[in-house]
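>>> Coordinates only, no sequence provided:
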């Protein structure tokens, strides 16, 4: 299974970080890849079985929407949710996002993992081609030092 | 395990991130660490397919050493070998790498940028909360 993990330390207490990640108001401040582009709509019901939906715009003017279900919510420490693009995403599969918060002296350490699930991976493996893979590979290995 | 460290201008956060891969992806990266094996892949990318002796030709190493490199690439799923008579033809099999790179690249950009803004937002809220407390 392929997964991406980002670890960051933020100078804010866990309660503030947790709120920023689980409330519609908080999510509206940061979700999406492009600086200066607005979150157009955010809703979140952060409890097991509750859903979220976030619509945002990217620099190219395109609108995207991701949504899913909260699978686990442990206040201040852990959030697990399913993820799927419901508009404008290149990736039709369902994946899994896990966020773990840990208090550290300067604030909060966020461990953010986005995992591609097995069925999504097998679907990808049926796509062929070679375009640009070596460029990406080189950029990738360049960071290994 | 693949790790990278970045610094982000404008935010006072310590950033680091790592990418975890499956065992298969680990084998892919282990295979790609070696410059001879990367050169073999680049050659196969250009030619599409090559015999073992064609692959060995530009390198100052013996055939058994080339065969070992090919074993590693084969284990990682990056090449296929087929035998016709006495000739073994080697072909590139790019999918294992390509699919992982694309997926990782897309979400790395997405979340990395988002978490930068999350950090800025949370830190601003922390500062204003501290002001109220003091």
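Yes, it's here. Just so it is clear, the model here is predicted, and its values are computed rather than measured. Numbers count the residues shown, from 1 in each chain, chains lettered A, B, ... in the order given.

>>> Where does the prediction get shaky in the chain?
Here I'm looking at chain A. Flagging of chain A using pLDDT under 70 yields the residue ranges A:1, A:89-92, A:118-145.

>>> Not quite, go with chain B.
Of all residues in chain B, those with pLDDT under 70 make up the ranges B:1-25, B:96, B:99-100.

>>> now the strands for it?
With DSSP state E, the ranges of strands along chain B come out as B:2-4, B:14-20, B:49-51, B:79-84, B:87-92.

>>> Residue A:87 reaches residue A:57, doesn't it?
No - no contact is recorded between residue A:87 and residue A:57 when judged using CB atoms under 8 Å, the distance being 11.1 Å. To be clear about C-beta, it is placed using only N, CA and C from the backbone, and glycine gets the same treatment.

>>> Please work out how many residues are found near residue 70.
With no chain named, the answer covers chain A. Counted with other CB atoms under 10 Å in any protein chain shown, the neighbours of residue A:70 add up to 20.

>>> wait, I meant chain B there
Around residue B:70 sit 20 other residues, with neighbours defined as other CB under 10 Å.

>>> just the helices in chain B please.
Secondary structure of chain B by DSSP state H: the helices cover B:23-32, B:35-47, B:52-56, B:63-75, B:95-133.

>>> just to revisit the earlier point, more neighbours: residue A:87 and residue A:57, which one.
Neighbours per residue (other CB under 10 Å) separate residue A:87 from residue A:57, with residue A:57 holding more: 17 against 13.

>>> Just the element for the residue lying closest to that one once chain neighbours are set aside, please.
Distance criterion CB to CB, 6 or more residues apart in numbering or on different chains; nearest residue to residue A:57, sequence neighbours excluded, is residue A:37 at 4.7 Å. Assigned by DSSP states H and E, residue A:37 belongs to neither a helix nor a strand.

>>> ok, now how distant is residue A:37 from chain B?
Shown here: residue A:37 relative to chain B, a distance of 10 Å by CB to the nearest CB, to the nearest Å.

>>> Give me the common contacts of residue A:87 and residue A:57.
By CB atoms under 8 Å, 6 or more residues apart in numbering or on different chains, residue A:87 and residue A:57 have these common neighbours: A:63-64.

>>> Can you give me the neighbour number for the closest residue to residue A:18 other than its chain neighbours?
In this structure, residue A:18 finds its nearest non-sequential neighbour in residue A:76, 5.1 Å apart by CB to CB, 6+ apart. In terms of burial, residue A:76 registers 15 neighbours under the definition other CB under 10 Å.
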